[in-house]
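>>> Pasting a predicted model and its sequence here:
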Amino acid sequence: MQFSEEQGEGNLIDSYQPGNLVINGVTYQQSLVIDRSGFESWPVRLATEISGETLQLAFERKPDVIIIGTGEKQYFPPADIHLPMLQFDIGIEIMDSAAAARTYNVLVSEGRSVVAAIIV
């Protein structure tokens, strides 16, 4: 899925297709955690691997909202992943990775403090 170019500050996702995530013109073939200031590899390949521990990388960035892209289909991880987010007033949204990429771009372009953890 190709996205139209958004004007905004920071890292935006150019496109997402299963197996590929394009950020700032560079294609990545691994899951990533991304925010306005940077991105790094996320060691999650399957939605069933999402846990409080695997989300620590996103949580450490202290966003207002964390978007979790669970791959080609939406998958709801165990409810206990919500507890740390609730304790620190961080919103959490869970959706398929294509929707997560689109939503991340919209929130970044609005100037929101957002982190996306996206399974490629």
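Here it is on my side, so go on. Residues are numbered from 1 along each chain as shown.
>>> and the lowest-mean-pLDDT helix or strand in the chain, what does it pack onto?
Across the helices and strands of the chain, mean confidence by mean pLDDT, DSSP states H and E is lowest for helix 82-87: a mean of 81. With contacts taken as 3 or more CB pairs under 8 Å, 6 or more residues apart in numbering; DSSP states H and E, helix 82-87 sits against strand 91-95. Every C-beta, even on glycine, is put in place using the N, C-alpha and C of the backbone.
>>> tell me the angle the helix or strand just after the strand it packs on makes with strand 91-95.
Later in the chain than strand 91-95, the nearest helix or strand by DSSP states H and E is helix 97-109. For helix 97-109 against strand 91-95, the angle by axes from the mean of the first three to the mean of the last three CA atoms, to 10 degrees is 140 degrees.
>>> re the thing from before, what residues of the least confident helix or strand of the chain count as buried?
residue 85 (16 or more other CB atoms under 10 Å).
>>> which other residues reach that helix?
With CB atoms under 8 Å, 6 or more residues apart in numbering as the test, helix 82-87 has contacts from 52, 55, 59, 66, 90-92.
>>> Please indicate which of these are buried?
55, 59, 66, 90, 92.
>>> what residues are up against the fourth one?
With contacts defined as CB under 8 Å, 6+ apart, the neighbours of residue 90 are 59, 62-66, 84.
>>> want to throw these into a markdown table with distance to residue 21 and secondary structure?
Formatted as a markdown table, the contacts of residue 90 follow (distance: CB to CB, whole Å; DSSP: H, G, I helix; E, B strand; the rest coil):
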| residue | distance to residue 21 | secondary structure |
| --- | --- | --- |
| 59 | 20 | helix |
| 62 | 23 | coil |
| 63 | 19 | coil |
| 64 | 22 | coil |
| 65 | 19 | strand |
| 66 | 17 | strand |
| 84 | 25 | helix |
